[in-house]
Each structure stands twice: as C-alpha cells, then as structure tokens.
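Trainee: Build me a model from this:
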Amino acid sequence: MSKESARTLMWAALALLLVAAMIGAPEAGVLMAALAACCALAAAIFGSKGVRIAAAVILLAALGLAAALYPAANQDLAAYRERAPATPGSEERN
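Mentor: Numbering: from 1, shown residues only. Down below sits the predicted model:
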C-alpha cells in the first residue's frame, strides 16, 4: 500500500469517526466506529510516521466510541427483538 493510500485511509477513518459520533442511532454509531477502526488500523500499519501516530489516535478514539455506544445499541436491539412478530419456526426449542 502506498503512503498516499494510507493517508487517505486515515482521513476516511476520521470522517467515519465524526459521522459515528453525530449519528443518532447507537447501532449505526457502533457500525461506523468499527469501520473507522478498520480504516485507522490499515493506516496505522502502512502509513508514514506521522500518519501512524494520527491513525493510532483515531483507532483508540474509534474503539472507545464503539465501546461507549455498544450498551445502548444492545439495549435497542433487545427491545426490537421483544416487539418483533414471531415467524413460524422461530420458536426456541426446549
């Protein structure tokens, strides 16, 4: 991977992290933070020294945001599972 590609991934990770922080749905925030972490990880591995440092900071921020949003996302998904209509064959077997 070229140094320019790593820099582009770093900027993409920063943009995804900002969107993840601004979005209202915690499920989407966790997804965007995970995508930001993936982009930042690639930039941290293949980038130049300055890009690596910035990507490491973005990676830590993305992981922190995902960890902070995960309980709310899990709670929202549990509430959805409770009110979702049961489909035939989806009953739990004892």
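
Trainee: contacts, neighbours, all on C-alpha from now
Mentor: Noted.

Trainee: for stretch 44-51, what is the average pLDDT?
Mentor: Average pLDDT, stretch 44-51: 93.

Trainee: Pull the number of nearby residues for Met1.
Mentor: Met1 has 10 neighbouring residues, counting by other Cα atoms under 10 Å.

Trainee: Can you report how many residues neighbour the residue lying closest to it once chain neighbours are set aside?
Mentor: In space, and not counting its chain neighbours, Met1 is closest to Phe46: 6.5 Å by Cα to Cα, 6 or more residues apart in numbering. Using other Cα under 10 Å, Phe46 is surrounded by 18 other residues.

Trainee: Kindly report the same for Pro71.
Mentor: Pro71 has 14 neighbouring residues, counting by other Cα under 10 Å.

Trainee: And it, how close does it get to Gly29?
Mentor: To Gly29, Pro71 is 12 Å away according to Cα to Cα, to the nearest Å.

Trainee: and the helix ranked longest in the chain, which residues are buried?
Mentor: Scanning the chain for the helix with the most residues, using DSSP state H, yields helix 49-83. Residues of helix 49-83 classed as buried: 51-52, 54-56, 58-59, 61-63, 65-66, 69-70, 73 (neighbour count, 16 or more other Cα atoms under 10 Å).

Trainee: got it, and stretch 39-49?
Mentor: Using 16+ other Cα under 10 Å as the burial criterion, the residues of stretch 39-49 that qualify are Cys39, Ala40, Leu41, Ala42, Ala43, Ala44, Phe46, Gly47.

Trainee: just these now: which is nearest Arg83?
Mentor: Among these, Cys39 lies closest to Arg83 (Cα to Cα), at 35.2 Å.
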